[in-house]
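**Q** I'll drop the sequence and a predicted model, then ask my questions.
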Amino acid sequence: MKALTWQGVNELAVRTVPDPRIQDPGDVIVRVLRSATCGSDLHLLGGYIPFMRKGDVLGHEFLGEVVEVGPDVRRHRVGDRVVVSSFVSCGRCWYCEQQLFSLCDNGNTNPAITEALWGAAPGGCFGYSHAMGGNAGSHAEYIRVPFADVGAFRVPDGVSDERAVFASDAAPTGWMGADLGGVQPGDVVAVWGCGAVGQMAARAAMLLGAERVIAIDRIPERLDQTRRVIGADVLDMSSTDVGAELLEATGGRGPDVCIEAVGMEADAEDASSVYDRAKQQLRLQTGRPSALREAIYQCRKGGSVFVLGVFAGFVDKFPLGAAMNKGLTIRGAQMHGQRYIPMLLERMERGELVTEHLATHVLPLSKGPKAYELFTTKKDGCVRSVLVP
Amino acid sequence: MDRRVVVALAAVGVLVARRRRAHRTGPRPRADRWHAVTVNRPPADVGAPAGPWPAPLARLGRRIEVDARPAPGGRGTELRARARRRPDDDLDGRIRDALRRSRSLVETGVVLSADRPGTTERTLLNRPLEAAIRRGREEGRL
């Protein structure tokens, strides 16, 4: 089959690779219908997560058609249209039972790598390096889905492929930020980043009852989508003093919940960004946390900050003093998709959650490198590229 | 970033666990410490009180001793193993691997592996990561 493979730092190529096979009784094989690029893929492309090997298949946000089922699969049949959680989770370990699916004890085939780096190993993810299990990704014609009864979900007939594909990762990620960030009715919520995940976090905050949701970015197309489609207030950080605006919008308190949806390649309008870039290029720190610093600084006393952006290692100038002295709760996670996907699909079916506008560029799999070029550079108004094998 | 730098970083990261154990400046773990995993099942499901233990542990035979006890708060079973005589890094690695595989088998019935055959192309530069992956369940902190 054809698949989009990592060939080296900032090098992608479509290659012919072996078809996946049923290996365990709970597996299904899915023929991929749509597979989306994700901001966290940029960390793999750029070599900031140095556990990729030449030939690894990328992609972790996808839906498709079940074409083969293992003997122990009970919830799926050949022909089912399913969306699959980006994290591989067993459903039976203690973490899965606690609904912390991205921390599954049994989904990562190489736990030693991340255990050594971080103290404990999170679960496994499709197409996200050997540190996260080495599972082949979804930018391919077919993909093997382990623990399919736990991780694959039938898509309602009334939900299009373009809408449902984002239930695999972006929508549950955003929802998790608002949910586990503790959004309550009446809250004022600020979201840094108006990419797909940030937009989903903003929409989730609205649906969870936030009275005001303010999203922050610098890219005009993303600000426009967030205002027009999601319905949140927006701030253009390139032309606005975000802190002053947030204080005015919150009566001098600051937002109750601040959700960071930018990640380790954030840029700011101040000297800290220059500092972060320099240190990152010198490999003296692995991420650029400017958006996270802002979220901590702007959050009201006693408020909550949720980190949705993917970080890998260490960052410098972390405002621990602000976090501690303001009594903040700081939390983060890779997304617990299985916890949210069924509910999100229902909301998509009812029209409460729309996502198809995020797929600004739909290209054939053969144009995979071009899809990532558009996504990386954000040219032509690209928010997400979606590949069609 | 240059590919060689990426691979070098990966190799450094892969070696962190072993080097830290060999060159730590603080106290070393006790020689007779138990390696342990917590299995989300009652003790009888892992073979308590006296075996037979899950196959990955049983295969290590008399080189190790195995123990199981209820985890605090009713959170399953602590499955523990250690070298019967003087521990060495290789046996400790096999114990860690066996404990992880045992937990997976008891909880899910399978030990997950990446797709076979894989799509990865072997190169000279990615050999260090390949070596780390071969030991992907042996190293770490357990």
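**A** In hand now; what should we look at?
**Q** Tell me where chain A has helices.
**A** Here chain A has its helices, by DSSP state H, at A:41-45, A:94-97, A:111-118, A:148-151, A:161-164, A:170-180, A:196-207, A:220-225, A:242-249, A:271-281, A:290-298, A:320-325, A:337-350, A:368-377.
**Q** Which among the ones you listed is found nearest to chain B?
**A** Set against chain B and scored by Cβ to the nearest Cβ, the helices of chain A come closest in helix A:111-118, at 3.6 Å. For every residue, glycine as well, the C-beta is placed using N, CA and C.
**Q** And that closest one, what's buried?
**A** Within helix A:111-118, the residues scored as buried using 16 or more other Cβ atoms under 10 Å in any protein chain shown are A:111-117.
**Q** before we move on, the earlier item: quick one: which of the helices of chain A is nearest residue A:385?
**A** helix A:368-377 (3.7 Å; Cβ to Cβ).
**Q** tell me the mean pLDDT over stretch A:1-10?
**A** Averaging pLDDT along stretch A:1-10 yields 96.
**Q** who touches that stretch?
**A** Residues outside stretch A:1-10 that contact it (Cβ atoms under 8 Å, 6 or more residues apart in numbering or on different chains): A:12-19, A:44-47, A:52-59, A:136-137, A:139-142, A:365-366, A:368-369, A:387, A:389, B:1-3, B:6, B:119.
**Q** how about the strands of chain B, start to end?
**A** Taking DSSP state E, the strands of chain B run over residues B:35-39, B:64-70, B:77-83.
**Q** closest one to chain A among the ones you listed?
**A** strand B:35-39 (6.9 Å).
**Q** helices and strands around that closest one, which ones?
**A** strand B:77-83, helix B:89-108 (3 or more Cβ pairs under 8 Å, 6 or more residues apart in numbering or on different chains; DSSP states H and E).
**Q** That one pairs with which strands?
**A** Neighbouring strands of strand B:35-39 in its sheet, by DSSP bridges, are strand B:77-83 (antiparallel).
**Q** quick one: average confidence on the strand it pairs with?
**A** So the average pLDDT for strand B:77-83 ends up being 96.
**Q** Okay, angle between that strand and helix B:89-108 too, please.
**A** 160 degrees (axes from the mean of the first three to the mean of the last three Cα atoms, to 10 degrees).
**Q** And the contacts of strand B:77-83?
**A** The contact list for strand B:77-83, computed with Cβ under 8 Å, 6+ apart, reads B:32-39, B:41-43, B:45-46, B:48, B:54, B:57, B:60, B:63-71, B:91-92, B:95, B:98-99, B:102-103.
**Q** which of these are buried?
**A** Neighbour-count burial (16+ other Cβ under 10 Å) applied to those gives B:34-39, B:41, B:43, B:45-46, B:48, B:54, B:57, B:60, B:64, B:66, B:68, B:71, B:91-92, B:95, B:98-99, B:102-103.
**Q** give me the beta-bridge partners of residue A:212?
**A** residue A:188.
**Q** For residue A:84, list each beta-bridge partner.
**A** Going by DSSP bridges, residue A:84 forms beta bridges with residue A:62, residue A:152.
**Q** sorry, that was for residue A:88
**A** In this structure, residue A:88 bridges to residue A:124 when assessed by DSSP bridges.
**Q** Wait, it touches residue A:122, no?
**A** No - counting by Cβ atoms under 8 Å, residue A:88 does not reach residue A:122; the two are 10.8 Å apart.
**Q** The two - which one has more neighbours?
**A** Taking other Cβ atoms under 10 Å in any protein chain shown, residue A:88 and residue A:122 do not tie; residue A:88 has more neighbours (28 against 23).
**Q** Could you report the separation of that one from residue A:133?
**A** Per Cβ to Cβ, to the nearest Å, residue A:88 is found 6 Å from residue A:133.
**Q** do the same with residue B:67
**A** Residue B:67 is 29 Å from residue A:133, by Cβ to Cβ.
**Q** Please apply the same query to residue A:160.
**A** Distance of residue A:160 to residue A:133, computed by Cβ to Cβ: 30 Å.
**Q** Counting neighbours, go ahead and name the busier of the two.
**A** More crowded of residue A:160 and residue A:133, by other Cβ under 10 Å: residue A:133, with 30 against 12.
**Q** ok, and the closest non-adjacent residue to the more buried one?
**A** Nearest residue to residue A:133, sequence neighbours excluded (Cβ to Cβ, 6 or more residues apart in numbering or on different chains): residue A:124, at 2.8 Å.
**Q** Quick check, that neighbour in contact with residue A:135.
**A** Yes - using Cβ under 8 Å, residue A:124 makes contact with residue A:135 at a distance of 5.6 Å.
**Q** joint contacts of these two?
**A** Residues touching both residue A:124 and residue A:135 by Cβ under 8 Å, 6+ apart: A:88, A:109.
**Q** Can you say which of the contacts of stretch A:1-10 are buried?
**A** A:12, A:14-15, A:17, A:44-47, A:52-59, A:136-137, A:139-142, A:365, A:368-369, A:387, A:389, B:1, B:3, B:6, B:119.
**Q** This completes my enquiry, with thanks.
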